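*Asks:* Fold the stuff below for me.
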Amino acid sequence: MAQRTPAEIRSSIESNRMELAASVERLRGEVTRITDWRGQVERHRNELMVGAAVVGLFVGRRLLRRRRRP
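*Replies:* Numbers count the residues shown, from 1 in each chain. So this is what the prediction gives:
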């Protein structure tokens, strides 16, 4: 393995640090986007409405069955 000079090592470390900083910023942005519940609701409004309707029908049927049983 070839020996690197201290300047090359410092340059490599700085390059890695800059790449890591950029990766952390991208990850921070992605986490912010994913955990934004208002944005998620806005993007998936139709799916949420269908899910709420299904849950409502299921709960309603269960309540009606309980009333009908003596």
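
*Asks:* Which of the helices or strands spans Gly51?
*Replies:* Per DSSP states H and E, Gly51 falls inside helix 45-68.

*Asks:* One more: Arg38?
*Replies:* helix 37-43.

*Asks:* from the middle of its chain, how far away would that helix be?
*Replies:* Distance, stretch centre to chain centre, for helix 37-43: 11 Å (CA atoms, centre = their mean, to the nearest Å).

*Asks:* any low-confidence regions in this protein?
*Replies:* 1, 69-70 (pLDDT under 70).

*Asks:* For the chain, give the helix that spans the most residues.
*Replies:* Longest helix of the chain, by residue count under DSSP state H: helix 6-34.

*Asks:* Run through who's touching the helix holding Gly51.
*Replies:* With contacts defined as CB atoms under 8 Å, 6 or more residues apart in numbering, helix 45-68 is touched by Val41. C-beta coordinates here come from the backbone N, C-alpha and C atoms, glycine included.

*Asks:* Can I get that helix in CSV? Just the C-alpha atoms.
*Replies:* Extracted C-alpha coordinates of helix 45-68, given in CSV (Å, rounded to 0.1, in the frame of the first residue of the first chain):
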residue,chain,number,x,y,z
ARG,A,45,-56.5,12.3,1.7
ASN,A,46,-58.4,9.8,-0.5
GLU,A,47,-56.8,6.8,1.2
LEU,A,48,-57.6,8.2,4.6
MET,A,49,-61.2,8.8,3.7
VAL,A,50,-61.7,5.3,2.4
GLY,A,51,-60.0,3.9,5.5
ALA,A,52,-62.2,6.0,7.8
ALA,A,53,-65.3,4.8,5.9
VAL,A,54,-64.3,1.1,6.2
VAL,A,55,-63.6,1.5,10.0
GLY,A,56,-66.9,3.3,10.4
LEU,A,57,-68.8,0.6,8.6
PHE,A,58,-67.1,-2.1,10.6
VAL,A,59,-67.8,-0.4,14.0
GLY,A,60,-71.4,0.3,13.0
ARG,A,61,-72.0,-3.4,12.0
ARG,A,62,-70.5,-4.5,15.3
LEU,A,63,-72.7,-2.2,17.3
LEU,A,64,-75.8,-3.3,15.4
ARG,A,65,-75.0,-7.0,16.0
ARG,A,66,-74.7,-6.4,19.8
ARG,A,67,-78.1,-4.6,19.9
ARG,A,68,-79.9,-7.4,18.0
